[in-house]
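Participant: compute the structure for the input listed below.
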Amino acid sequence: MGTKRIILTAGSIANLRPREKPYNVSTDVPGLGVRVYPSGRMAYHVRYSWRGKQVRHFFGQASATLTAPKAKREAKRLLGLVANGIDPRAGEAKPGDPTVLDLCREYVDKHLRIKSGQRTIDFNDGLVRNWIVGSPIADTPLSQISNKETETFIRSIGGPFRSPKNPGVANKIQTLLSAAFNRGIRWGWISNNPAKGIEKYPEKEIEIRSLTEDEENKLLDAISTARATKPFTEGSVSPAICDLILTLLHTGARRNEILSLQWTMVDAKNFCIKIPEYKEKKKDKPKIIYLSDEALQLIESQPIRGDYVFSTGNGTPLNPNNVHKAWKKIAKKADLENWRLHDLRSNWITKKISDGHAGQLVSKAVGHSDPKTTARYIRANEDLIRSVARGGKVGKK
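Facilitator: Prediction:
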């Protein structure tokens, strides 16, 4: 049943030590075991056969409340239910049962932090903090969570299929829950995946944003005007923020990648920046974003005030809110009020693809870890597809 066997007493429980991975310990009571987690938490479970499948049912956390003698009695009671044709999982949850929130936190802290890159960790941690914590399913014990309850929660976020209000977030939460439940099955926390089979919302194809020559000239003029305006007067933008926006225009990088850019990440010799602590398909290596001549010149022109390339006068990183406000000023001046700063990334990718560059090369240059992401821009670019179908030369006059 497990990697060890013990005579279940308070002393034997206290002597169990956490390991790098969760492990099971069988006891002198047939069917009763203990799962020991890397965090040091220990949970009792019974193992039995139900409808031809082996089931591990957790019924409580080893604690001063659920002592070894009480765990023995509870295990015998639960296995007695099985003998009488009753599945203990259909009964009431016991104090100490791991909840949906417990599993989601453990999934992020003990699984993603080992297997994934920082961006993935931060994104999923944000989903847990902003959407799972305080939700109707957060405190639901894993032994009680159902497929219907999970779907109801997801639909409460995404809304009805015909007129969804937040389909993207709902789909991402479903992906998180499904992955966490699958990991919970491997850990023995839960016997099935309550998110399995729930239909995802259809999402809109990625919107193609591409500046015309006239729009790009207006944008460049607006940036120049904002830079030249007297500081602390209406319409003024600091030189550092102006150069940051221009760098985004010339690289297609994400805003936060350039905001957090440090001098140690700049590889001028190879015309690229290397973002550390980034894992791509389980291979530890930095994320690489390649630089044009214009982008490298913008970076090298920045005064060195500290660790960050684009910084305030005292060397601290630029405030994202100030960057957002500055972009709003510039976009309004350039008649691009419906453009987000992130749309400059779409603009860069779209132009490179339209110029005839291979999708895989564009994917590498912009730092997409999955070429399928770049392929979405090709699918959404009807002009490009139409040109290829008619035998024209893409991006060439």
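Participant: quick one, strands of the chain?
Facilitator: Using DSSP state E, the strands of the chain run over 4-6, 23-27, 32-36, 42-50, 53-61, 266-267, 272-275, 279-280, 283-284, 287-290.
Participant: OK, contacts around residue 325?
Facilitator: By C-beta atoms under 8 Å, 6 or more residues apart in numbering, no residues touch residue 325. Quick note: C-beta positions are derived from backbone N, CA and C, even for glycine.
Participant: should've said residue 271
Facilitator: So residue 271 contacts 290-293, 296 (C-beta under 8 Å, 6+ apart).
Participant: any idea which of the strands of the chain has the lowest pLDDT on average?
Facilitator: Mean pLDDT is lowest for strand 279-280 out of these, coming in at a mean of 48.
Participant: so where is this structure shaky, pLDDT-wise?
Facilitator: The model of the chain has pLDDT under 70 over residues 1-3, 89-96, 204-208, 277-284, 355-397.
Participant: which residue of it sits farthest from its center?
Facilitator: Computed with C-alpha atoms, centre = their mean, the residue of the chain farthest from its C-alpha average is residue 84, at 44.7 Å.
Participant: gap between that one and residue 11?
Facilitator: Per C-beta to C-beta, to the nearest Å, residue 84 is found 33 Å from residue 11.
Participant: ok, now residue 333?
Facilitator: 74 Å.
Participant: comparing those two, which residue is more hemmed in?
Facilitator: Per other C-beta atoms under 10 Å, whichever of residue 333 and residue 11 has more neighbours is residue 333, with 18 against 10.
Participant: okay, now the closest residue to residue 111 other than its chain neighbours: neighbour count?
Facilitator: Spatial nearest neighbour of residue 111, chain neighbours left out: residue 183 (5.6 Å); criterion: C-beta to C-beta, 6 or more residues apart in numbering. By other C-beta under 10 Å, the residues close to residue 183 number 19.
Participant: got the contact list for residue 183?
Facilitator: Applying C-beta under 8 Å, 6+ apart to residue 183 gives the contacts 103, 107, 111.
Participant: in helices, which of the residues you listed appear?
Facilitator: Mapping these onto helices (DSSP state H) picks out residue 103.
Participant: top of the contacts of residue 183 by neighbour count?
Facilitator: Counting neighbours by other C-beta under 10 Å, the top entry in these is residue 107, with 23 neighbours.
Participant: for the contacts of residue 271, which one is nearest residue 269?
Facilitator: residue 296 (10.2 Å; C-beta to C-beta).
Participant: picking up where we left off before, JSON lines please, covering the contacts of residue 271 and showing distance to residue 266 and neighbour count.
Facilitator: Converted to JSON lines, the contacts of residue 271 look like this (distance: C-beta to C-beta, whole Å; neighbours: other C-beta atoms under 10 Å):
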{"residue": "290", "distance to residue 266": "12", "neighbour count": "19"}
{"residue": "291", "distance to residue 266": "9", "neighbour count": "23"}
{"residue": "292", "distance to residue 266": "14", "neighbour count": "16"}
{"residue": "293", "distance to residue 266": "14", "neighbour count": "9"}
{"residue": "296", "distance to residue 266": "8", "neighbour count": "20"}
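Participant: farthest-separated two in those residues?
Facilitator: Greatest spacing in the contacts of residue 271, by C-beta to C-beta: 290 and 293 (11.3 Å).
Participant: what inclination does the helix ranked longest in the chain have with respect to strand 23-27?
Facilitator: Ranked by residue count, the top helix of the chain under DSSP H comes out as helix 167-187. Following axes from the mean of the first three to the mean of the last three C-alpha atoms, to 10 degrees, one obtains 40 degrees for the angle between helix 167-187 and strand 23-27.
Participant: could you chop this protein up by domain?
Facilitator: 4-90, 100-187, 213-389 (automatic domain parsing).
Participant: quick one: closest of these to residue 200.
Facilitator: domain 100-187 (4.9 Å).
Participant: how long is the closest one end to end?
Facilitator: 14 Å (C-alpha to C-alpha, to the nearest Å).
Participant: out of the strands of the chain, deepest packed?
Facilitator: Burial of the strands of the chain is given as mean neighbour count (mean count of other C-beta atoms under 10 Å); strand 32-36 ranks first at a mean of 23.
Participant: can you give me the angle it makes with strand 23-27?
Facilitator: 150 degrees.
Participant: strand 32-36 pairs with which strands?
Facilitator: Here strand 32-36 is paired, per DSSP bridges, with strand 23-27 (antiparallel), strand 42-50 (antiparallel).
Participant: now the ones you listed in TSV, with distance to residue 271?
Facilitator: Shown next, in TSV, are the strands paired with strand 32-36 (distance: least, C-beta to C-beta, whole Å):
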stretch	distance to residue 271
strand 23-27	49
strand 42-50	53
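Participant: where exactly do the helices run in the stretch 201-350 of the chain?
Facilitator: 213-228, 239-251, 255-259, 293-300, 320-333, 343-354 (DSSP state H, counting those that start in this stretch).
Participant: quick one: closest of the ones you listed to residue 32.
Facilitator: The nearest among the helices of the stretch 201-350 of the chain, by C-beta to C-beta, is helix 255-259 at 49.3 Å.
Participant: by contact count, what packs against the closest one?
Facilitator: Other helices and strands packing on helix 255-259, by 3 or more C-beta pairs under 8 Å, 6 or more residues apart in numbering; DSSP states H and E, are helix 239-251, helix 320-333.
Participant: now the longest one: buried residues?
Facilitator: Buried residues in helix 320-333, counting neighbours by 16 or more other C-beta atoms under 10 Å, are found at 323, 326-327, 329-331, 333.
Participant: now for residue 131, how many residues are close by?
Facilitator: Residue 131, neighbours per other C-beta under 10 Å, totals 19.
Participant: dump the residue contacts of it.
Facilitator: With contacts defined as C-beta under 8 Å, 6+ apart, the neighbours of residue 131 are 157, 169, 173.
Participant: between those, which is closest to residue 34?
Facilitator: residue 173 (31.9 Å).
Participant: could you check how many residues crowd around residue 145?
Facilitator: Neighbour number of residue 145 under other C-beta under 10 Å is 22.
Participant: what's the answer for residue 309, then?
Facilitator: Neighbours of residue 309 (other C-beta under 10 Å): 28.
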